[in-house]
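Colleague: with the input below, show me the fold.
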Amino acid sequence: MVREIFSYLPWTEKKSLWMVNKMWLEIARPLYPSSKDVVFVCDTTGSMRNYLPTIKQKLQAFMDRETEKASRFAFISYKDHDVTSTVDQVTASVGFTQDSKEICKFFDEIVPGGGGDEAEAVVDGLREAINLEWRGNGIEKAIILFCDAPSHGTPGITGDRHPTGCPCGTKEADILKKMEEKYIRFFVISLADGLDRMLENFRAVYPAVGVKQLTVELKDLFRPQKQSVAPKPKAAN
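Modeller: Here you go, the predicted structure:
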């Protein structure tokens with residue numbers, strides 16, 4: 001009910017609620033020093049094979065820094081629909097845990113494969129992430145998506161077996177609105193060209209989406225953003 005009311009609020013009132021949440025985050029920070037709920041969502045189709053070792057290193061380094069902060073992590077692997085492969089699951093996942101070894105063990109068991117067309121089950125991965133049991137106020141929350149292919153239904157994509165959208169029936173916009181309602185930050189680690197249209201669609205609903213390359217250190221995603229200050233106009237002589 002609360003989420004439904006929030007979705008109909010005008011932007012000025014949404015902004016006020018965001019400010020209240022930020023104030024609560026600062027109040028609660030001594031109790032949960034920089035504690036985070038972070039979900040890693042990763043395309044694990046065949047084209048991602050060469051990226052996965054680097055992604056694992058990034059995740060391990062980030063989680064090692066967070067172990068003393070009561071942070072929790074989850075990992076969701078997604079592939080695609082209608083895949084004729086021995087690894088044909090759409091998604092597989094491990095839910096929130098403070099044990100980084102559990103995430104790494106799950107990662108090591110991933111078999112890259114599947115895919116085949118120009119789009120993947122991005123929406124399924126994000127839907128599973130948003131439906132996890134997130135903690136409430138006072139916790140930094142984020143979804144980090146690693147991908148090299150757009151979601152089904154992205155305009156301008158040739159060879160998409162589902163050009164009208166994900167066959168799961170879930171709409172990208174609905175997921176992004178839920179992220180906003182839950183104050184979940186969203187980062188996309190872009191691993192290939194051709195994602196611009198999908199990212200435009202994301203930002204049309206959730207303008208705060210951050211886009212980075214694989215060279216980024218995940219810890220830097222959570223650094224406070226410096227706000228630029230416009231220079232004061234010179235006084236007239």
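Colleague: helix/strand/coil for the residue most central in space within the chain?
Modeller: With distances taken as Cα atoms, centre = their mean, the residue of the chain nearest its centroid is residue 143 (2.9 Å). Using DSSP: H, G, I helix; E, B strand; the rest coil, the secondary structure recorded for residue 143 is strand.
Colleague: so it sits against residue 127, correct?
Modeller: No. Counting by Cβ atoms under 8 Å, residue 143 does not reach residue 127; the two are 11.0 Å apart. All C-beta spots, glycine's among them, are computed from the backbone N, C-alpha and C.
Colleague: shared neighbours, these two?
Modeller: Listed as contacting both residue 143 and residue 127 by Cβ atoms under 8 Å, 6 or more residues apart in numbering is no residue at all.
Colleague: ok, back up a step: any idea how far the residue nearest to the centre of the chain is from residue 39?
Modeller: With distances taken as Cβ to Cβ, to the nearest Å, residue 143 is found 5 Å from residue 39.
Colleague: between those two, which contacts overlap?
Modeller: The contact lists of residue 143 and residue 39 share residue 129, where a contact means Cβ under 8 Å, 6+ apart.
Colleague: and the helices in this structure?
Modeller: Assigned by DSSP state H, the helices in the chain fall at 2-8, 11-28, 52-66, 100-108, 122-130, 172-181, 196-205.
Colleague: what mean pLDDT does the second one get?
Modeller: In this case it means helix 11-28. Helix 11-28 shows a mean pLDDT of 50 in the predicted model.
Colleague: confidence score at the closest residue to residue 106 other than its chain neighbours?
Modeller: Leaving aside its chain neighbours, residue 106 sits nearest to residue 94 (4.5 Å; criterion: Cβ to Cβ, 6 or more residues apart in numbering). Residue 94 carries a pLDDT value of 91.
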